[in-house]
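[1] based on what follows, work out the 3D shape:
(one chain, ligands or ions: 1)
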Amino acid sequence: MNKRLFVSDLHLETVDSPQYRGLCWLLDQHPEHDLYLLGDIVELWIGDDDDAPLATALRDLLRSRQAAVYLMHGNRDFLFGAQFCADTGATLLADPHRLNDGTLLSHGDALCTDDDAYQQFRAMVRAPAWQADILARTIEERRAFGQALREQSRQTNANKAANIMDVNPGAVSDLMRQHQGKRLLHGHTHRPGVHWEERRYVLGAWERCGWYIEQDGDTLALHCFSLAPHCGSETPHPGA
Ligand code: MN
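    The predicted model follows:
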């Protein structure tokens, strides 16, 4: 089995960012790992026809991978579709996805069942008819609409109690039971850590640090590296 590399919640906005440079560095360090992008890789994905510099660079970066690339939707990039997969060679995974070793993968937002308003919003934007309607608009219209959604989500979340935006323990144990999971790996909550009793590994959002999980056989490890050295640096070296 190839070693695996899991990341989520990079929230990439520009090519010229510590996060994007950190991703390039991380992939460079692990050229033969199967890569799992578990959602919210970009802050906003408006459709596979996006020709902005970040979208173009991301396609090129993923296409250049020798090992497999898997992609799961997050709550920001649920419009990744068949064209993006064809362009990059990535395989789209359903949420949740069970790996052959019993590892369950999820972005994590579906597990935040205490947040009723968000779950309603999620059901709306994941509906094929809603997505078809959005994708029928011009790129400029979609970009403006996406910005408005982001602003709205920022304002709503600011007024929510913190525990509402975490995963619900019952939803986690239900998922594990239902899919006979050996462990669960997710992101989204921006609360990185390993919860041994639940066998739950949580990826962090890429803010000051880049977070990833490396799997080698039955061993999983959560790592972070500083993104700070990237700021304005020509030669990114997060390990420094
Ligand atoms: Mn998320």
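
[2] contacts only, for the residue of the chain found nearest the ion.
    Closest approach between the chain and the ion, counting by CB to the ion: H188, at 3.7 Å. All C-beta atoms are positioned from the backbone trio N, CA, C, and that covers glycine. Going by CB atoms under 8 Å, 6 or more residues apart in numbering, H188 touches S8, D9, G39, D40, G74, N75, H107, G108, D109, C112.

[3] if we look at the ion, which of the residues you listed are close to it?
    With CB under 5 Å from the ion as the criterion, those include D40, G74, N75 near the ion.

[4] looking at it, W45 is touching N75, isn't it?
    No - using CB atoms under 8 Å, W45 makes no contact with N75, being 10.8 Å away.

[5] of these two, who's got more company?
    More crowded of W45 and N75, by other CB atoms under 10 Å: W45, with 24 against 20.

[6] secondary structure element for the more buried one?
    Element membership for W45 (DSSP states H and E) is empty, with no helix or strand holding it.

[7] now it, nearest residue through space, not along the chain?
    In this structure, W45 finds its nearest non-sequential neighbour in D77, 3.9 Å apart by CB to CB, 6 or more residues apart in numbering.

[8] please apply the same query to R63.
    T88 (5.0 Å).

[9] now T14
    Leaving out its chain neighbours, T14 is closest to L54 (CB to CB, 6+ apart), at 5.9 Å.

[10] same question for M1.
    G217 (6.8 Å).

[11] and that neighbour, how many neighbours does it have?
    9.

[12] hey, where'd the helices end up in the chain?
    18-29, 53-63, 82-88, 116-125, 128-135, 139-158, 169-178 (DSSP state H).

[13] distance-wise, check Q152 relative to G102.
    Using CB to CB, to the nearest Å, Q152 is found at 38 Å from G102.

[14] more neighbours: the two, which one.
    Under the criterion of other CB under 10 Å, the comparison of Q152 against G102 puts G102 first, with 14 against 11.
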